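>>> The sequence and its predicted three-dimensional model are supplied below.
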Amino acid sequence: MNEAIPFRQFVVKTAARCDLACDHCYVYELRDQSWREQPRVIADKTVGALGVWLRAHAERAGLSVLDVVLHGGEPLLAGPDRIDTIVRDLRAATAGVAELRFTVQTNGVRLDERFAEVFLAHRIRVGVSLDGDALAHDRHRRHADGRGSHAEVVRAIALLRRPRYRPLYGGLLCTIDLANDPVATYRELLGHAPPMIDLLLPHATWEFPPPGARPGETPYADWLIAVFDRWYGAPVRETRVRILEDLVDLVLGRPVPSEMLGLAPPGSVVIETDGTFEREDSLKATFDGAAATGLDVFRHDPATVLAAPAYAPANAALGASCRRCPVLDICGGGLRAHRYRPDTGFANPSVYCADLRALIDHVGARVRADVRALVAESGSRR
Ligand code: SF4
């Protein structure tokens, strides 16, 4: 059996609950409800077994650096002391073999100086979820009692922008909502001076299509194209926008390890609070148990996990229309979850197919025109 390429990124669930009840959350509000069975917070013995596993994996694969994303649920529900211990234990377990680079992805609600000091001590970079201004953000990212979280999140971002913590500020993650103007949303995010912006398509499948999708229209492409034109056409690069940078790289023929675009394997794996390995979190938008693998850090060594069918490349399951698509190298069929239909599984084009194609064609035309202009300019100087 062929092995997957060695994992380099480990999405470690430190807490399996959340203190918000966002209506677009793929973990808690969609099809897969397996989180209800998970321990609330990762236990010491699970962290210990994970450390042993990571060490064996790095040794076996000859990897000197591993990326660890502290994730959830809301990872900060574990508390600053617990996160401090988790990071110390994992670093101690892998010492002398691999450096662990940590990031944390948080909703920001609990982020305060106590957390920030722990993150500073361990050089943990912080990504915060923010959907735009108060109206945009609080439309979806609310507490269980209906209160919006925008004010708390903005306070957390202001903390990260203080000179002491600024090196920790990793960026902002925004889920696209067609109700929000694209360029106004981009400018609102830019106002928080993020080093990186992640723009996510809302999770959707052929069974549960994207909000606002209509046959013959490409509203998500239109939204992202408006941001692309503003970002790409700016006289100076204002910030990094991951999906747009990835598209430019892919158009130029550079491989991008991504779950969202291209054909290069992302090389990442999810570890739940009970120590089970899972496939990408976005599969939780498809059906109950879609992300499960039956593997865990206690009983399954790296060779077994890497050879498991669950980690076969996502593009092995591409349908015929994707395999003959002229932009397959760039699109890759999109996110696997977005290709799901209950009757045909994942062997379908993305539910965002028309949007992806329109976006790729637009970015491709613009980037290739620039390349041609550069080549012509350098030719005329000779
Ligand atoms: S999802 Fe659509 S655009 Fe993407 S590879 Fe498949 S057919 Fe092509």
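Everything's here; your move. Values in this document were obtained by computation on a predicted structure and should not be read as measured data.

>>> which is the next helix or strand following the helix or strand containing Glu188?
Per DSSP states H and E, Glu188 falls inside helix 182-190. Beyond helix 182-190 on the C-terminal side, the first helix or strand identified by DSSP H and E is strand 196-200.

>>> helices and strands around that next one, which ones?
With contacts taken as 3 or more Cβ pairs under 8 Å, 6 or more residues apart in numbering; DSSP states H and E, strand 196-200 sits against strand 169-175, helix 182-190, strand 240-241, helix 242-251. In short, each C-beta sits where N, CA and C put it, glycine included.

>>> so Phe228, which of the three states?
Put simply, Phe228 is helix when judged by DSSP: H, G, I helix; E, B strand; the rest coil.

>>> How many residues are close by it?
22 (other Cβ atoms under 10 Å).

>>> Tell me who's in contact with it.
Contacts for Phe228 (Cβ atoms under 8 Å, 6 or more residues apart in numbering) come out as Leu244, Leu247, Leu359, His362, Val363, Arg366.

>>> Check the gap between the fourth one and the ligand for me.
The spacing between His362 and the ligand, counted by Cβ to the nearest ligand atom, to the nearest Å, is 13 Å.

>>> Identify the residue spatially nearest to that residue, adjacent ones excluded.
Leaving aside its sequence neighbours, His362 sits nearest to Ile225 (Cβ to Cβ, 6 or more residues apart in numbering; 5.0 Å).

>>> host element of that neighbour?
Under the criterion of DSSP H and E, Ile225 resides in helix 219-232.

>>> Give me the residue ranges of the stretch 251-382 of the chain where confidence is low.
Across the stretch 251-382 of the chain, the ranges flagged by pLDDT under 70 are 314-316.

>>> if we go to 80?
Counting by pLDDT under 80, the stretch 251-382 of the chain has low-confidence residues at 313-317, 380-382.

>>> count of neighbours near Ile176?
24.

>>> Which pLDDT value does the model give it?
Ile176 carries a pLDDT score of 97 in this model.

>>> Now do the same contact list for it.
Leu199, Leu200, Leu201, Pro202, Tyr220, Trp223, Leu224.

>>> What is the burial count for the third one?
As a burial measure, Leu201 scores 22 neighbours (other Cβ under 10 Å).

>>> What is the nearest of the contacts of Phe228 to Ala307?
The shortest approach to Ala307 among the contacts of Phe228 belongs to Leu247, at 32.3 Å (Cβ to Cβ).

>>> Which neighbouring residues are in contact with the residue nearest to the closest one when sequence neighbours are not counted, exactly?
In space, and not counting its chain neighbours, Leu247 is closest to Val363: 4.6 Å by Cβ to Cβ, 6+ apart. Going by Cβ under 8 Å, 6+ apart, Val363 touches Ile225, Phe228, Tyr232, Leu244, Leu247, Val248, Val251.

>>> Among those, which one has the most neighbours?
Across the contacts of Val363, neighbour numbers were computed from other Cβ under 10 Å; Leu247 holds the maximum, 27 neighbours.

>>> That residue touches Ile360, doesn't it?
Yes. The pair Leu247 / Ile360 is scored as a contact, 6.8 Å apart, by Cβ atoms under 8 Å.

>>> Please enumerate the shared neighbours of those two.
Residues touching both Leu247 and Ile360 by Cβ under 8 Å, 6+ apart: Ile330.

>>> CA atoms of stretch 152-168 as PDB?
Provided in PDB are the C-alpha atoms of stretch 152-168 (Å, rounded to 0.1, in the frame of the first residue of the first chain):
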ATOM      1  CA  GLU A 152     -14.600  41.200  22.300                       C
ATOM      2  CA  VAL A 153     -12.800  40.100  19.100                       C
ATOM      3  CA  VAL A 154     -11.700  43.600  18.200                       C
ATOM      4  CA  ARG A 155     -10.400  44.000  21.800                       C
ATOM      5  CA  ALA A 156      -8.400  40.800  21.300                       C
ATOM      6  CA  ILE A 157      -6.900  42.000  18.000                       C
ATOM      7  CA  ALA A 158      -6.000  45.400  19.600                       C
ATOM      8  CA  LEU A 159      -4.100  43.300  22.300                       C
ATOM      9  CA  LEU A 160      -2.200  41.500  19.600                       C
ATOM     10  CA  ARG A 161      -1.300  44.800  17.900                       C
ATOM     11  CA  ARG A 162       0.400  46.100  21.000                       C
ATOM     12  CA  PRO A 163       4.200  46.300  20.400                       C
ATOM     13  CA  ARG A 164       4.900  43.600  23.000                       C
ATOM     14  CA  TYR A 165       2.600  41.000  21.300                       C
ATOM     15  CA  ARG A 166       2.700  42.200  17.700                       C
ATOM     16  CA  PRO A 167       5.200  39.400  16.700                       C
ATOM     17  CA  LEU A 168       2.500  36.900  17.700                       C
END
